[in-house]
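1. sequence unavailable; structure follows:
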């Protein structure tokens, strides 16, 4: 492949062969061309023309500033649609690196470079620059080569032939990083870049990467979020992160910066730029959050989904998107260092425990289960005032309708009367005076019983006298007294009942009143007196 110095105008003649014959573009339509610097996947602006069977690519020197191998493409329609491509040339930094061999596409393509590429040589040669240096004036080119031999431009592997104080990387030319370990200065990133793998370069000081092993059974794709699941030796084992598992989400580690095959190794960016991913779904400047299956979203999650901020979109593009990665897990309350909440149930809140010096769970639902809602009311019943809803303290007061109650600030007392001579109609009698009154009642009852007994005895005596008188009269004249007619009295009544009850047996029923007398006629001399009137046992024998 022909090597051409950057910074020169360039023309490339492109031939296409079909069956050994040059393809004619007469009648061809839909012709389009493209030149790509494969080292940077960058399309190079150009113009083209078709002369006879030759496609001439014309490229301005301003478009040729980056070293690398370049490929040409042409598409056209002629008896069918065709697209043809071929490596064309390689851009190098220095003139001494130019040269090489033309590429001939056997029966397909021929790239004619040697006779059709004009290289401008407007600058001085390396010898001329050296010869103009003070002390080298007039020296021959042979002396220049001797000087080169005595002052090698390469450093030995052991570094013993070097006394370098510094290294300078040219900022105006982006040299291709062809091999792992190559270092260059990037004008775009404004820092040194190091090629660490076939697909990954690191911008020193601008991103942090970790080499991991894919612990999934499937490939981890460039741009997917991962977490560290475990380790094997000194190798972190990475798996795809997801918000579907809160614990996994909290362990999100970084974003894959290349495709990592199952059980293979690759780079994870923990902070810095991840390039060449599809960010077309997000506007530039959008904050990105972890979603499911390693994907990201610009919609901030809502609880209970874990919130894991993963970075910001710097370039929105389907193929060349750029994300600045910076992982920030929004902590869950349950996982805070001063919180102890191993399990949570409905109604749990966090409450400070001054003994254990930490927040612990407290179930407010259970605590409030026996409490009354403030919408409830207390209604004052009969004889009471006050009450209301429970939004505030409420007071119930007793209404003292008269002087029978004494309502004090901290008690309620019955206002009793301790005399038997009071004329109050509201004050109740005291227990002491109730006792006195009871004793008087008992005394009256006792006295009444005695009086009734005395009266009964008198009537009984009278009755016996009447019987005696009837006997005398029945026997005729006593001395000079003659009784022509006599109406006898069978009995005397008291309270509607006979004062003296006469029977041929012992009493069989309860007395009618206290003091009533019962005479057993079959047992002369046996008399009973009533001491009460509740039952037959209240008859008490008083004589034989």
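-> Alright, I've got the coordinates. Since this is a predicted model, take the numbers as computed values, not measurements.
2. show me where pLDDT drops low in the stretch 251-400 of the chain?
-> Applying pLDDT under 70 to the stretch 251-400 of the chain picks out residues 400.
3. which residue ranges of it form helices?
-> Secondary structure of the stretch 251-400 of the chain (DSSP state H, counting those that start in this stretch): helices at 364-367.
4. residue ranges of the strands in the stretch 151-300 of the chain, please?
-> Assigned by DSSP state E, counting those that start in this stretch, the stretch 151-300 of the chain shows strands spanning 183-186, 191-195, 201-203, 208-214, 225-232, 235-240, 252-256, 265-277, 287-290, 296-297.
5. between the ones you listed, which one is nearest to residue 82?
-> strand 265-277 (29.4 Å; C-beta to C-beta). Where C-beta positions appear, they are placed from N, C-alpha and C, glycine not excepted.
6. quick one: that closest one to chain centroid distance?
-> In terms of C-alpha atoms, centre = their mean, to the nearest Å, the centre of strand 265-277 is found 30 Å from the chain centre.
7. starting from that strand, tell me which strands it pairs with and how they run.
-> Within its sheet, strand 265-277 is paired with strand 208-214 (antiparallel), strand 252-256 (antiparallel), strand 321-329 (antiparallel), according to DSSP bridges.
8. pull the residues that contact it.
-> Here strand 265-277 makes contact (C-beta atoms under 8 Å, 6 or more residues apart in numbering) with 189, 196-197, 200, 203, 206-214, 220, 222-223, 226, 235, 238, 253-260, 314, 319-327.
9. in that strand, what counts as buried?
-> For strand 265-277, a neighbour-count test (16 or more other C-beta atoms under 10 Å) marks 266, 267, 268, 269, 272, 273, 274, 275, 277 as buried.
10. quick one: which of those residues is nearest residue 246?
-> After measuring the buried residues of strand 265-277 against residue 246 - C-beta to C-beta - the closest member comes out as residue 268, at 21.3 Å.
11. which residue, other than its chain neighbours, is closest to that closest one?
-> Closest residue to residue 268 apart from its sequence neighbours, by C-beta to C-beta, 6 or more residues apart in numbering: residue 254 at 4.1 Å.
12. so that neighbour touches residue 210, yeah?
-> Yes. Using C-beta atoms under 8 Å, residue 254 makes contact with residue 210 at a distance of 6.7 Å.
13. higher neighbour count, these two?
-> Using other C-beta atoms under 10 Å as the criterion, residue 254 and residue 210 rank with residue 254 on top: 28 against 16.
14. what's the local residue count around residue 79?
-> Neighbours of residue 79 (other C-beta under 10 Å): 7.
15. no no, residue 58
-> Using other C-beta under 10 Å, residue 58 has 12 neighbouring residues.
16. may I have the phi/psi pair for it?
-> phi -110, psi 120 (degrees, to the nearest 10).
17. can we start the residue count at 3 from this point?
-> Okay, using 3 as the starting number, the last item reads as residue 60.
18. so it bridges to which residues?
-> Taking DSSP bridges, one obtains residue 13, residue 49 as the residues bridged to residue 60.
19. filter the contacts of strand 267-279 down to the buried ones.
-> By 16+ other C-beta under 10 Å, the contacts of strand 267-279 give 198, 202, 205, 208-209, 211-216, 222, 224-225, 228, 240, 255-260, 262, 316, 323-329 as buried.
20. low-confidence stretches in this structure?
-> Using pLDDT under 70, the chain drops low at 102-128, 150-168, 173-177, 402-403, 406, 411, 449-462, 470-494, 526-527, 545-546.
21. in which helix or strand would I find the closest residue to residue 543 other than its chain neighbours?
-> Spatially, and ignoring its direct neighbours in sequence, residue 543 is nearest to residue 530 (5.5 Å; C-beta to C-beta, 6+ apart). If you go by DSSP states H and E, residue 530 is part of strand 529-532.
22. mind listing what's buried along that strand?
-> 529, 530, 531, 532.
23. which ones are touching the residue nearest the centre of the chain?
-> By C-alpha atoms, centre = their mean, the chain has its centre lying nearest to residue 306, at 4.2 Å. Residue 306 makes contact with residue 248, according to C-beta under 8 Å, 6+ apart.
24. how much space separates it from residue 314?
-> Look at residue 306 and residue 314: by C-beta to C-beta, to the nearest Å, they are 25 Å apart.
25. residue 61 reaches residue 10, doesn't it?
-> No. If you go by C-beta under 8 Å, residue 61 and residue 10 don't touch, sitting 9.2 Å apart.
26. higher neighbour count, the two?
-> More neighbours surround residue 61 than the other of residue 61 and residue 10, with 22 against 19 (other C-beta under 10 Å).
27. any idea how far the more buried one lies from residue 76?
-> Remark: distance between residue 61 and residue 76 (C-beta to C-beta) = 15 Å.
28. do the same with residue 504
-> Distance from residue 504 to residue 76, by C-beta to C-beta: 159 Å.
29. more neighbours: those two, which one.
-> Per other C-beta under 10 Å, whichever of residue 504 and residue 76 has more neighbours is residue 76, with 23 against 13.
30. I figured that one was touching residue 18, is that so?
-> Yes. If you go by C-beta under 8 Å, residue 76 and residue 18 touch, sitting 7.3 Å apart.
31. joint contacts of these two?
-> 57, 86.
32. please enumerate the helices of the stretch 53-202 of the chain.
-> Counting by DSSP H, counting those that start in this stretch, the helices of the stretch 53-202 of the chain are 128-133, 143-152.
33. buried ones in the longest one?
-> When neighbours are counted by 16+ other C-beta under 10 Å, the buried residues of helix 143-152 are found to be residue 146.
34. re the thing from before, and the residue nearest to residue 543, bridged to which residues?
-> With DSSP bridges applied, residue 530 shows beta-bridge pairing to residue 520, residue 543.
35. what do you get for residue 419?
-> Note on residue 419: beta-bridge partners residue 431, judged by DSSP bridges.
36. thinking again about what came up before, tabulate the buried residues of strand 267-279 (a markdown table), appending distance to residue 340.
-> Supplementary listing: the buried residues of strand 267-279 in a markdown table, determined by distance: C-beta to C-beta, whole Å:
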| residue | distance to residue 340 |
| --- | --- |
| 268 | 39 |
| 269 | 37 |
| 270 | 32 |
| 271 | 33 |
| 274 | 33 |
| 275 | 37 |
| 276 | 35 |
| 277 | 41 |
| 279 | 39 |
